[in-house]
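**Q** Starting from these lines, generate the structure:
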Amino acid sequence: MTSRASLTRRSLVGLAAAGLAATALTLPASAATPPRAPAARATVQLPAPTGPYGIGTVSARLVDRSRHDPWVPSQPYRELMVSVWYPAASGGDGHPRAGYMAPGAAARWDAMAPHGIPRGAVDFAALRTHARESAPADTRHGRHPVLVYAAGAGDPRTWGTALVEELASRGYVVVTVDHTYESPGVQFPDGSVKDAGPLLKAFEEAQKNGTVPRLLRRTVDARVADSRFVLDRLGSLPHGLSRVVDRRRVGMVGHSAGGIAAAETMYEDRRVSAGVDLDGTLEYNSEPEGTRLMPVARHGLDRPFLLMGSDRPTEPAWRSFLSHGSGWKRNLTLRGSLHQAYTDLSAVLPQAGVTGEVLEQNIGTVAPARAVAAQRAYVASFFDRWLKGRNDGLLDAPSGRYPEVEFRD
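**A** You can find the predicted model right below:
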């Protein structure tokens with residue numbers, strides 16, 4: 001079996017560009033061994049959300065009995081773990097702050113030394129979010145728009161918490177999804193943890209057989225099916241949250257493979273009114289570029305969609321998407337950024353005791369705090385405009401408040 005460290009850089013770059021290479025598939029490209037942990041674990045805090053609402057959160061297991069699991073076909077159902085983040089009613093401070101990850105999932109994530117974070121440097125299970133566990137939901141302001149958030153392949157559903165908390169604090173209900181057997185570790189209520197072994201095995205077989213693009217298509221299809229199932233369940237969310245969700249105002253946002261899922265789900269399911277892709281390509285392979293475009297890249301969309309990418313030339317799949325469809329669209333670049341700048345790595349890595357060189361290799365030269373601020377501002381502005389009818393003008397032209405953000409054709 002091919003070891004993680006021996007997977008070729010070329011194949012991994014291709015997969016990463018497709019938004020489907022996971023840290024589960026490889027050690028960091030800069031080293032064959034994980035970075036060394038500091039003597040003591042770092043005290044890490046996520047950036048505080050800036051919206052007017054306090055935040056609550058609950059987690060739940062969802063079971064789709066209409067299909068077999070795409071990665072373990074012998075399992076006659078598909079099970080997912082989701083978390084729901086929502087505007088909380090006042091008086092929720094008596095509820096404890098929710099943890100960032102369940103202990104079993106946190107152990108799997110830490111063991112991978114993910115994205116330049118030294119193994120053992122951060123206690124992901126002890127890390128607290130700003131959300132209050134099972135706090136009562138806000139009911140004074142009617143129903144809230146709902147967003148589905150999807151992380152990149154090989155990343156846990158928590159890996160966009162800084163963005164998700166910001167959106168919840170601004171009046172959105174956000175459902176974050178773990179894609180079982182693709183995420184490095186998904187802990188279920190019974191304590192069991194499902195890892196990415198089935199996807200790793202499929203990847204290794206695809207490499208041997210020359211069928212990696214077919215595997216990427218299979219992965220996208222599984223993610224879209226998962227996303228549509230979550231949309232089906234918006235009417236029966238845990239903690240009575242379906243009573244505060246407006247299912248007529250639905251959006252989707254994701255990073256990397258999650259951004260791909262947002263675009264393809266929106267293409268296939270008209271329940272999604274607006275979407276955001278954070279640095280996920282829209283083709284099934286990247287070498288040569290532009291040879292296996294996804295349907296959404298070939299045909300575009302008739303509803304609003306935001307592309308926000310790392311600092312590199314606009315790829316053929318994005319150019320194709322931008323030239324098709326009648327929906328409003330923007331193509332933004334975060335100057336000096338790399339792929340993981342659109343995740344919690346921007347918040348966590350600077351606190352993990354690493355050097356400037358490691359920061360630059362994993363996030364880029366963009367200031368980490370500015371990466372968080374820009375992502376929050378533009379994603380919130382987009383959904384406010386198209387799901388709440390509030391246009392602050394931020395997406396109309398470059399802004400002096402965010403000089404890191406470049407508008408591209």
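
**Q** What residues does Leu395 make contact with?
**A** Residues counted as contacts of Leu395 (Cβ atoms under 8 Å, 6 or more residues apart in numbering) are 306, 330, 378, 381-382, 385. Bear in mind the C-beta positions are built from the backbone N, C-alpha and C, glycine included.

**Q** Any chance of a ChimeraX selection covering the buried ones in the residues you listed?
**A** Applying 16 or more other Cβ atoms under 10 Å to the contacts of Leu395, the buried members can be selected in ChimeraX as follows:
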select :306,330,378,381,382,385
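
**Q** want to throw the contacts of Leu395 into CSV with pLDDT and distance to Gly259?
**A** Below are these laid out as CSV (pLDDT from 0 to 100; distance: Cβ to Cβ, whole Å):
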residue, pLDDT, distance to Gly259
Leu306, 98, 10
Arg330, 98, 14
Tyr378, 98, 14
Ser381, 98, 17
Phe382, 98, 13
Arg385, 98, 19
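
**Q** For the stretch 201-350 of the chain, which segments count as helices?
**A** Using DSSP state H, counting those that start in this stretch, the helices of the stretch 201-350 of the chain run over residues 212-232, 257-268, 295-299, 316-323, 345-348.

**Q** Ile55: which of the ones you listed is closest?
**A** Among the helices of the stretch 201-350 of the chain, helix 345-348 comes nearest to Ile55, with 16.0 Å by Cβ to Cβ.

**Q** so what does the closest one touch, helix or strand wise?
**A** helix 368-387 (3 or more Cβ pairs under 8 Å, 6 or more residues apart in numbering; DSSP states H and E).

**Q** can you pull the buried residues of the next helix-or-strand element following the helix it packs on?
**A** Next along the chain after helix 368-387, taking DSSP states H and E as the criterion, comes strand 405-408. Buried positions in strand 405-408, judged by neighbour count with 16+ other Cβ under 10 Å: Val405.

**Q** Dump stretch 232-250 to CSV, keeping only the CA atoms.
**A** What follows is stretch 232-250, C-alpha atoms only, in CSV (Å, rounded to 0.1, in the frame of the first residue of the first chain):
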residue,chain,number,x,y,z
ASP,A,232,-34.2,17.8,3.0
ARG,A,233,-33.7,17.8,6.7
LEU,A,234,-34.0,21.5,7.2
GLY,A,235,-37.6,21.0,8.2
SER,A,236,-36.6,18.7,11.1
LEU,A,237,-33.5,20.2,12.6
PRO,A,238,-32.6,19.4,16.2
HIS,A,239,-33.4,21.6,19.2
GLY,A,240,-36.6,22.9,17.5
LEU,A,241,-34.5,25.0,15.2
SER,A,242,-36.7,24.3,12.2
ARG,A,243,-39.1,26.8,13.7
VAL,A,244,-36.6,29.7,13.2
VAL,A,245,-35.3,28.7,9.8
ASP,A,246,-36.6,30.3,6.6
ARG,A,247,-36.4,27.6,4.0
ARG,A,248,-37.2,30.1,1.3
ARG,A,249,-33.8,31.8,1.9
VAL,A,250,-31.1,29.1,1.6
